[in-house]
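J.: the sequence isn't on hand, but the structure is:
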């Protein structure tokens with residue numbers, strides 16, 4: 001299952017980026033989705049955390065390789081949202097409530113916020129931005145532990 005996770009999460013983006021770059025002779029932009037489990041040990045995320053870390057590293061290397069062709073490559077690290085992926089993680093519902101409770105904005109990550117970030121990165125407003133992982137999680141990623149969370 002580790003090899004399958006790496007193939008789906010990392011190599012597929014490398015392969016798609018290579019093919020998509022051929023369709024962008026005048027430059028362009030591409031994005032992928034990742035999660036905080038690439039940076040921190042999230043309960044029950046396990047192998048996917050390692051795969052997402054690989055995806056983020058691949059994003060930086062692809063950005064370096066395609067930069068001279070004026071192609072920007074970035075990743076969005078979305079917070080926990082009600083998705084099929086979250087449903088497959090043991091304790092996923094708890095991740096939603098904990099994310100809201102511990103985020104700087106005290107709110108859920110919104111799909112509109114993630115979509116807005118994607119539009120920014122894909123549009124000319126995102127010029128000069130490449131190789132980045134942009135966190136869209138209502139500030140959850142930058143918060144420290146609160147009392148009782150230790």
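T.: Noted; the coordinates are in hand. The shown structure was predicted, so the numbers you read here are calculated from the model rather than taken from an experiment.
J.: just for the protein, where's the confidence low?
T.: 84-96, 145-150 (pLDDT under 70).
J.: which residues in it form strands?
T.: Taking DSSP state E, the strands of the chain run over residues 28-34, 71-78, 133-136.
J.: now distance to residue 2 and mean neighbour count too, for those, in TSV please.
T.: Quick note: C-beta positions are derived from backbone N, CA and C, even for glycine. Listed next are those as TSV, based on distance: least, Cβ to Cβ, whole Å; neighbours: other Cβ atoms under 10 Å:
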stretch	distance to residue 2	mean neighbour count
strand 28-34	18	20
strand 71-78	21	24
strand 133-136	22	20
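J.: any chance of JSON lines for the ones you listed, columns distance to residue 125?
T.: Listed next are the strands of the chain as JSON lines, based on distance: least, Cβ to Cβ, whole Å:
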{"stretch": "strand 28-34", "distance to residue 125": "10"}
{"stretch": "strand 71-78", "distance to residue 125": "11"}
{"stretch": "strand 133-136", "distance to residue 125": "13"}
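J.: center of the chain - which residue?
T.: Nearest to the geometric centre of the chain sits residue 34, at 2.3 Å (Cα atoms, centre = their mean).
J.: from memory it sits against residue 54, does it?
T.: No - assessed by Cβ atoms under 8 Å, residue 34 is found out of contact with residue 54, at 9.9 Å.
J.: follow-up on the earlier one: beta partners for the residue nearest to the centre of the chain?
T.: Beta bridges link residue 34 to residue 77, judged by DSSP bridges.
J.: separation between it and residue 6?
T.: 14 Å (Cβ to Cβ, to the nearest Å).
J.: returning to that earlier point: which one of the strands of the chain lies closest to residue 113?
T.: strand 133-136 (5.2 Å; Cβ to Cβ).
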